[in-house]
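>>> Structure for the following, please:
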Amino acid sequence: MIYTSEQIIQYNDDWKNSVNEFMDIARQEGSAGTYTQTKIDLDNLDQESSLWISVVEGKVVSISYAQRSFITDTPESIRKCRYHILKKYRRGRFGFKMMKKQIAWAKENGFKHYYWTHDVKDKAINELFQHKRTYGLGDNDNQYFNDPDFLNLKLETGMVFRDTPKSDMLQFIYSYYIDPNYVWQPTKSIIKYDHNGIINDVQKVIK
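Numbering: from 1, shown residues only. Got it, this is the predicted structure:
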């Protein structure tokens, strides 16, 4: 769905109050752990990363952070994180729209690799990202699955993402190789594990 006066833009301080209002609502919608002060501080954003916002009729309805991947010790790589869409606007497909902007920005700024992670337990979203299915809502929504950038987003089958050793959540990794010759070698927040895009026993992998 495309909304009236829809914009996807890179964050600047003019949008600070609007983003803070967005985050207050997002926390109420279940993203309290995503928008803590330690995870996203608008006054101390990394100058070589970029925060992106989706704006509908002057209101911020979605954000995501294209962050240098210090978490995996590969700052030449960009991780898409801190992502949320307000419930009223879920049909906007802003994740796909921001992804395209972020990949273009990453290319322009010399990054070699871009990735997005999803909880291994979320079967529906992982089937979408593994190109196994599309939405059942008609061509206007399914157009995003034919986009070249999305088609080039590939499942990493030899590893899974685990943000901290204390976490019991594993995430599949979907990579876009901006530099096709780049070999991504993360050393942190990763568990080496061969899989086919389905993991039924998370505790087995963690052990």
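>>> you'd agree F111 is up against K80?
No: here F111 does not reach K80: they are 11.9 Å apart, not a contact under CB atoms under 8 Å. The way it works is simple: take the backbone N, C-alpha and C, and place the C-beta from them, glycine included.
>>> all strands of this structure, in order?
Assigned by DSSP state E, the strands in the chain fall at 6-10, 50-56, 59-69, 74-85, 113-119, 154-155, 159-161, 171-177, 190-192.
>>> Look up phi and psi at I199.
Torsion angles at I199 (phi, psi; degrees, to the nearest 10) stand at phi -130, psi 120.
>>> Next one: it relative to Y177, how far apart?
Using CB to CB, to the nearest Å, one gets 23 Å for the distance from I199 to Y177.
>>> Kindly report the same for F111.
With CB to CB as the criterion, F111 and Y177 are 11 Å apart.
>>> More neighbours: which of these two?
The neighbour count for F111 versus Y177, taken as other CB atoms under 10 Å, is higher for F111 (23 against 17).
>>> Can you tell me which helix or strand of this protein has the lowest average pLDDT?
Least confident helix or strand, the chain: helix 139-142 with a mean of 63, by mean pLDDT, DSSP states H and E.
>>> can you list the weak-confidence ranges in the protein?
Regions of the chain meeting the criterion pLDDT under 70 cover residues 136-141.
>>> please redo it, this time with the cut-off set to 90
Counting by pLDDT under 90, the chain contains low-confidence ranges at 1-5, 32-33, 37-38, 90-93, 133-147, 166, 207.
>>> now the longest helix seen in it and strand 74-85, what's the angle there?
Counting by DSSP state H, the longest helix found in the chain is helix 94-108. Relative orientation of helix 94-108 versus strand 74-85 (axes from the mean of the first three to the mean of the last three CA atoms, to 10 degrees): 160 degrees.
>>> pull the CA atoms of helix 94-108 into PDB?
As requested, the backbone C-alpha atoms of helix 94-108 are provided in PDB (Å, rounded to 0.1, in the frame of the first residue of the first chain):
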ATOM      1  CA  PHE A  94       8.000   0.300   5.000                       C
ATOM      2  CA  GLY A  95      10.600  -2.300   5.900                       C
ATOM      3  CA  PHE A  96      11.100  -3.100   2.200                       C
ATOM      4  CA  LYS A  97      11.000   0.600   1.200                       C
ATOM      5  CA  MET A  98      13.600   1.600   3.800                       C
ATOM      6  CA  MET A  99      15.700  -1.400   2.900                       C
ATOM      7  CA  LYS A 100      16.100  -0.100  -0.700                       C
ATOM      8  CA  LYS A 101      17.100   3.400   0.600                       C
ATOM      9  CA  GLN A 102      19.500   1.900   3.100                       C
ATOM     10  CA  ILE A 103      21.200  -0.300   0.500                       C
ATOM     11  CA  ALA A 104      21.700   2.600  -1.900                       C
ATOM     12  CA  TRP A 105      23.100   4.700   1.000                       C
ATOM     13  CA  ALA A 106      25.400   1.900   2.000                       C
ATOM     14  CA  LYS A 107      26.700   1.600  -1.500                       C
ATOM     15  CA  GLU A 108      27.400   5.300  -1.800                       C
END
